[in-house]
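J.: sequence unavailable; structure follows:
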Ligand code: NDP
Ligand code: HEM
């Protein structure tokens, strides 16, 4: 080793990003000790310009998140009847995965212990490419048509004038979209505020397809049940936590894995044949509904464990790009309109947030070989051409070739194309009612209290409209919320600041509102 090389145990030599050794990283070049600077101090300019480019756009939803790596281990043969997906094809088989949890509405700096739906986004690095299951900690969703999603999200984000979250907007939208009541009931129940990512279930929520070597298709739903048990905070407890730490989930998850307490979930699927789907009273592709366990029992698939913290949060969690469009052989979509909308939306978001070749970033890179004909663009940092002469298709130079053995069985569809109005009917209240009746007394009281806290101070005509929705679930539901609201009215003479601002924001448009 030459004398000027760093010796083992010594600090590595600092270089520029172009690899040239740096002589001084502490003092800028000035004309005299007091300045001014010289434009030729390119390393100073490099440091300043890099800093200016350290942030990328945050996710438009689910901006605050926590992630870890782990493994899925298959424990049962039952699922193999329905799908030829390789990750399920052997008991004991292990597949590496990344799991990112998130809240939906808050920005990247939001406090972790806020009441919100939690994202549960999985990337399985399978032999046949990446399978992304981008679910939530709830089995249902607020709306069932992707046309409504951007409006819904707008009500969860900040009011354009006050720049504050607006309970009025939320309840205006929800009370005008009563299909949301199932998800609202979960959100406002104990499970709407878990203590940490380990203490909640995950669900694929939508209906997906499985297909097998016989060319048979089955519809399926994915469930991940926590082995840590469900633990939740009340609003008051969460307030105390947030006063002490805004990062309680990061601390919980990172700490548990660091200490070797690896969180685990049991993975299950439900199966519905296409014949059952045709005969089923409920629309099996409606994401505001679950499939009752009694009729479609949970089938165990395997055990999921999180066992490795990211080395670099930005590179491995912030740059992670999950998309429902990433499916692998044996797994596919269903006619669910929301799922169909999502198949488009995510990759589009990634191209904007990360750049054209976002799937070549290390965390998104499949662990199986990749060979495609996509060409240049942002993030084209991989030099491999697969085959330099076969850069188009068809070609005579042994470029990557399609493999018909991966073809999915055809999906029969029929009908007339139009914008269908899916009315809210009594059937939409059956499952929220079943859930409400599953709650014990204490849980019902906390549900009423949480709802009252969320609604208190919004215009009375919106409360009245929402009350008719609670009433359709169960008169006891409406009565409980009514009492909790009047209790809050009495005990809270002064309205909270946020509610006042909300009212101010409504002052003008209010005049035109039909009550
Ligand atoms: P089951 O009694 O077989 O299932 C009840 C389900 O409810 C279980 O998955 C249970 O989850 C979950 N659950 C229990 N307590 C709560 C709670 N406080 N908040 C949210 N979920 C809870 O009956 P059904 O399958 O007929 O479902 C009845 C109702 O349960 C549904 O209308 C739906 O609202 C809710 N539910 C149903 C699910 C499904 O896939 N069928 C999934 C989740 C909820 P766990 O096993 O973890 O305790
Ligand atoms: C994130 C769109 C419904 C779960 C996102 C992102 C977009 C989006 C654009 C940000 C992606 C990124 O920048 O990385 C939509 C649309 C929906 C929809 C258009 C409806 C049509 C749902 C539903 C679920 C869900 C129903 C759950 C069942 C998630 C999760 C994330 C996410 C978990 C965060 C993923 C991550 O951790 O990176 N969504 N979404 N979304 N969405 Fe949706």
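T.: Thanks, I have the structure now. Only a predicted model underlies this, so the values are computations on that prediction, with no experimental measurement involved. Ligands and ions are numbered 1, 2, ... in the order given.
J.: which residues are in contact with the strand or helix carrying residue 489?
T.: With secondary structure defined by DSSP states H and E, residue 489 is part of helix 475-491. Helix 475-491 is contacted by residues 436, 444-445, 447-449, 451-453, 455-456, 463, 467-468, 470-471 when judged by CB atoms under 8 Å, 6 or more residues apart in numbering. Every residue, glycine included, has its C-beta placed from N, CA and C.
J.: now the buried members of these.
T.: 436, 444, 447-449, 451-453, 455-456, 463, 467, 470-471 (16 or more other CB atoms under 10 Å).
J.: and those residues, which of them are in strands?
T.: Among the buried ones among the contacts of helix 475-491, no member falls in strands (criterion: DSSP state E).
J.: adding pLDDT, write the residues you listed out as CSV.
T.: CSV is the format used below for those (pLDDT from 0 to 100):
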residue, pLDDT
436, 98
444, 98
447, 98
448, 98
449, 98
451, 98
452, 98
453, 97
455, 97
456, 96
463, 98
467, 98
470, 98
471, 98
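J.: these two touch, right, residue 227 and residue 261?
T.: No. Taking CB atoms under 8 Å as the definition, residue 227 is not a contact partner of residue 261, at 11.4 Å.
J.: all strands for this protein, in order.
T.: Under DSSP E, the chain gives strands at 65-74, 94-103, 118-126, 129-136, 202-203, 208-211, 217-226, 264-272, 299-308, 331-332.
J.: pretty sure residue 149 contacts residue 155?
T.: No. Taking CB under 8 Å as the definition, residue 149 is not a contact partner of residue 155, at 11.1 Å.
J.: who has more neighbours, the two?
T.: Neighbour count, other CB atoms under 10 Å: between residue 149 and residue 155, residue 155 has more, with 20 against 17.
J.: circling back: between the strands of the chain, which one is closest to residue 44.
T.: strand 65-74 (34.2 Å; CB to CB).
J.: just checking, what packs against that closest one?
T.: Judged by 3 or more CB pairs under 8 Å, 6 or more residues apart in numbering; DSSP states H and E, strand 65-74 is in contact with strand 94-103, helix 248-258, strand 299-308.
J.: tell me the angle of that strand relative to strand 118-126?
T.: Put simply, strand 65-74 runs at 50 degrees to strand 118-126, going by axes from the mean of the first three to the mean of the last three CA atoms, to 10 degrees.
J.: what mean pLDDT does strand 65-74 get?
T.: Over the span of strand 65-74, the pLDDT mean works out to 98.
J.: run the angle between it and strand 299-308 for me.
T.: Using the same axes, to 10 degrees: strand 65-74 against strand 299-308 is 130 degrees.
J.: strands paired with strand 65-74, and their directions?
T.: Paired neighbours of strand 65-74 in the sheet (DSSP bridges): strand 94-103 (antiparallel), strand 299-308 (antiparallel).
J.: and it with ligand 2, contact?
T.: Yes. Among the residues of strand 65-74, residue 65 lie within reach of ligand 2 under CB under 6 Å from any ligand atom.
J.: list the buried residues in that strand.
T.: Neighbour counts over strand 65-74 (16+ other CB under 10 Å) mark 65, 66, 67, 68, 69, 70, 71, 72, 73, 74 as buried.
J.: and stretch 213-226, by the same measure?
T.: For stretch 213-226, by 16+ other CB under 10 Å, it's 217, 218, 219, 220, 221, 222, 223, 224, 225, 226.
J.: on that earlier part again, hmm, the helix holding residue 489 in reach of ligand 1?
T.: No. Interface with ligand 1: helix 475-491 contributes nothing (CB under 6 Å from any ligand atom), its closest point being 13.1 Å away.
J.: how far does that helix sit from the chain's center?
T.: Helix 475-491 has its C-alpha centroid displaced from the chain centroid by 33 Å (CA atoms, centre = their mean, to the nearest Å).
J.: can you check stretch 49-57 too?
T.: 24 Å.
J.: which of the contacts of helix 475-491 lies closest to residue 273?
T.: Of all the contacts of helix 475-491, residue 273 sits closest to residue 436, with 30.5 Å by CB to CB.
J.: list the contacts of that closest one.
T.: Taking CB under 8 Å, 6+ apart, we find residue 436 in contact with 185, 444, 447, 473, 474, 476, 477.
J.: those residues: which two are farthest apart?
T.: 185 and 476 (13.0 Å).
J.: contact residues of the chain facing ligand 2?
T.: 59-62, 65, 100, 102, 119, 121, 134-136, 141, 146, 149, 205, 287, 320-322, 338, 341-342, 345-346, 349-350, 353.
J.: narrow these to those that are buried.
T.: For those, a burial check counting by 16+ other CB under 10 Å picks out 59, 61-62, 65, 100, 102, 119, 121, 134-136, 141, 146, 149, 205, 287, 320-322, 338, 341-342, 345-346, 349-350, 353.
J.: so which of these belong to helices?
T.: Of those, the ones assigned to helices by DSSP state H are 149, 338, 341, 342, 345, 346, 349, 350, 353.
J.: quick one: those residues as JSON lines, columns for pLDDT too.
T.: Output for these, formatted as JSON lines (pLDDT from 0 to 100):
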{"residue": "149", "pLDDT": "98"}
{"residue": "338", "pLDDT": "98"}
{"residue": "341", "pLDDT": "98"}
{"residue": "342", "pLDDT": "98"}
{"residue": "345", "pLDDT": "98"}
{"residue": "346", "pLDDT": "98"}
{"residue": "349", "pLDDT": "98"}
{"residue": "350", "pLDDT": "98"}
{"residue": "353", "pLDDT": "97"}
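J.: can you redo those as JSON lines with distance to ligand 1?
T.: Below are those laid out as JSON lines (distance: CB to the nearest ligand atom, whole Å):
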{"residue": "149", "distance to ligand 1": "21"}
{"residue": "338", "distance to ligand 1": "17"}
{"residue": "341", "distance to ligand 1": "22"}
{"residue": "342", "distance to ligand 1": "20"}
{"residue": "345", "distance to ligand 1": "25"}
{"residue": "346", "distance to ligand 1": "24"}
{"residue": "349", "distance to ligand 1": "28"}
{"residue": "350", "distance to ligand 1": "29"}
{"residue": "353", "distance to ligand 1": "31"}
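J.: most widely separated two among the residues you listed?
T.: Greatest spacing in those, by CB to CB: 338 and 353 (21.0 Å).
J.: identify the farthest-apart pair in the contacts of helix 475-491.
T.: Most distant of the contacts of helix 475-491, by CB to CB, are 445 and 468, 21.9 Å apart.
J.: point out where the stretch 301-450 of the chain drops to low pLDDT.
T.: For the stretch 301-450 of the chain, the stretches flagged by pLDDT under 70 are 386.
J.: interface residues of it facing ligand 1?
T.: Counting by CB under 6 Å from any ligand atom, the residues of the stretch 301-450 of the chain near ligand 1 are 431, 434, 435, 438, 439, 443.
J.: among the residues you listed, which ones are in helices?
T.: Among those, the residues falling in helices (DSSP H) are 431, 434, 435, 438, 443.
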